[in-house]
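Undergrad: Take a look and give me a structure for this.
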Amino acid sequence: MNIQQCRYVITIAKAGSFSEAAKQLFVTQPSLSTAMKDLETELGAQLFIRSKSGVSLTEEGTDFLVYANRILDQVDLLEHRYRTNFKKNFTITTQRYDFLSQPFLKVIESFKEDYQNFHLVETTTQKNLESVRDFKSELGILYIDETNRRVLERYFQQEELQFEALGEFTTRIFLRKDHPLANKTSIKRADLLAYPQVRFSQENQTAPDFNEDPIEADDSQPVIFTNDRGTLMNLLCESDAYASGLGIVNGFVSQHIVLKPLENSTTHTLGIITNKKRKLTAIGKAFIDEVKQTLEKREKWT
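TA: Predicted coordinates for the structure are as follows:
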């Protein structure tokens, strides 16, 4: 069975005869009759009652017509999607970084004539990876370091993902401006033991390989989990809690939060992941270029 045969059935049912349907379909009546006999044989069901006055649908034919119409409606939609100047979607997934709004807005402005929907999805590390793997997003942004490098690089290899480094960063501690530690030039891990830590939720909180937070809390510390970047910032502004990150922030965050370098910090590599089985689009390439430019001229809040 094929799409053309579905069209034949619909046209015959509307025309009421093979001869009239053949005219509308621009085929010969014998070829149309043969196509319908072949279809009935394949289905093992009679679709039409043939008589000298014309044709009518059998019960099986009526059922077939319902499904054929549904199929043809979807085919027509699909054809319309590619015939018209269809505006596409652009999606990226990322760990929670606020600086991405600037390059994202720039590509929206540059590609708004060709794309209708732009998705900047902040999500967990696992969903970030899965979205790129499953072609739901064109690219993802995350960091790797000595604690998760082996696991993530194995994942990249297994799932045919490509990691492109964007830059190297050390850990910064996020504090409200009047936090007791805010006047320190740098922060030691021991300084943080007296304060709660705020960190981003993950699917598996006990799996450090997928964590977004560069440092782990001590067993004696209270830990506050949230999946929302705005909520995390509010918690920091309204308490003595702290958070850790790469310290790549925009001006809005810097108005309310101070970032202090963590002493003896490891180095973290921020990068972009893409699917090797998917060709990067022009907008994807443009976004990567904009991110690189943003990082080159970023302000380091210390």
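Undergrad: how about the helices in this protein?
TA: Using DSSP state H, the helices found in the chain span residues 3-15, 18-25, 29-43, 59-83, 101-111, 125-133, 149-158, 189-192, 229-237, 251-254, 282-296.
Undergrad: Compare the ones you listed and report which one is nearest to Asp218.
TA: helix 189-192 (7.9 Å; Cβ to Cβ). Every residue, glycine included, has its C-beta placed from N, CA and C.
Undergrad: Export only the CA atoms of the closest one, formatted as CSV.
TA: Extracted C-alpha coordinates of helix 189-192, given in CSV (Å, rounded to 0.1, in the frame of the first residue of the first chain):
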residue,chain,number,x,y,z
ARG,A,189,37.5,26.0,51.7
ALA,A,190,37.7,26.2,55.5
ASP,A,191,36.1,29.7,55.4
LEU,A,192,32.9,28.2,53.9
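Undergrad: what comes up buried for that helix?
TA: With burial defined by 16 or more other Cβ atoms under 10 Å, the residues of helix 189-192 counted as buried are Asp191, Leu192.
Undergrad: For it, give the mean pLDDT please.
TA: Average pLDDT, helix 189-192: 94.
Undergrad: distance between that helix and the chain's centre?
TA: Relative to its parent chain, helix 189-192 has a centroid offset of 37 Å by Cα atoms, centre = their mean, to the nearest Å.
Undergrad: Could you number the chain from 17 rather than 1 from now on?
TA: Yes, from this point I'll number from 17; that puts the last item at helix 205-208.
Undergrad: Could you list every helix and strand in contact with that helix?
TA: Helix 205-208 sits against no helix or strand, with contacts defined as 3 or more Cβ pairs under 8 Å, 6 or more residues apart in numbering; DSSP states H and E.
Undergrad: what does that helix rub up against?
TA: Ile189, Leu197, Lys200, Ile231, Asp234, Gln237, Tyr258, Leu278, Glu279, Asn280 (Cβ atoms under 8 Å, 6 or more residues apart in numbering).
Undergrad: so the first one makes contact with Ser281?
TA: This means Ile189. No: Ile189 is beyond contact range of Ser281, at 9.5 Å (criterion: Cβ atoms under 8 Å).
Undergrad: pLDDT at the residue positioned nearest the centre of the chain, what is it?
TA: Centroid-nearest residue in the chain, with Cα atoms, centre = their mean: Ser153, separated by 3.2 Å. Listed pLDDT for Ser153 reads 95.
Undergrad: Now do it against Asn280, distance only.
TA: Going from Ser153 to Asn280 by Cβ to Cβ, to the nearest Å gives 35 Å.
Undergrad: and if you look at Glu219?
TA: 30 Å.
Undergrad: pull the helix or strand with minimum mean pLDDT from the protein.
TA: helix 267-270 (a mean of 67; mean pLDDT, DSSP states H and E).
Undergrad: who's in contact with the residue found closest to Leu168 once you drop the neighbours it is linked to in the chain?
TA: Nearest-residue entry for Leu168: Ile160, 5.2 Å, with adjacent residues in sequence omitted and distances by Cβ to Cβ, 6 or more residues apart in numbering. For Ile160, the contact set (Cβ under 8 Å, 6+ apart) comprises Leu168, Glu169, Phe179, His284, Thr285, Gly287.
Undergrad: at 7 Å instead, please
TA: Taking Cβ atoms under 7 Å, 6 or more residues apart in numbering, we find Ile160 in contact with Leu168, Thr285, Gly287.
Undergrad: Just give the number of residues close to Glu180.
TA: A count of nearby residues for Glu180, using other Cβ atoms under 10 Å, gives 11.
Undergrad: Identify the bridge partners of the residue found closest to it once you drop the neighbours it is linked to in the chain.
TA: With Cβ to Cβ, 6+ apart as the criterion, Glu180 has its nearest non-adjacent residue at 4.9 Å, and that residue is Ile288. Counting by DSSP bridges, Ile288 forms beta bridges with Ile157, Glu180.
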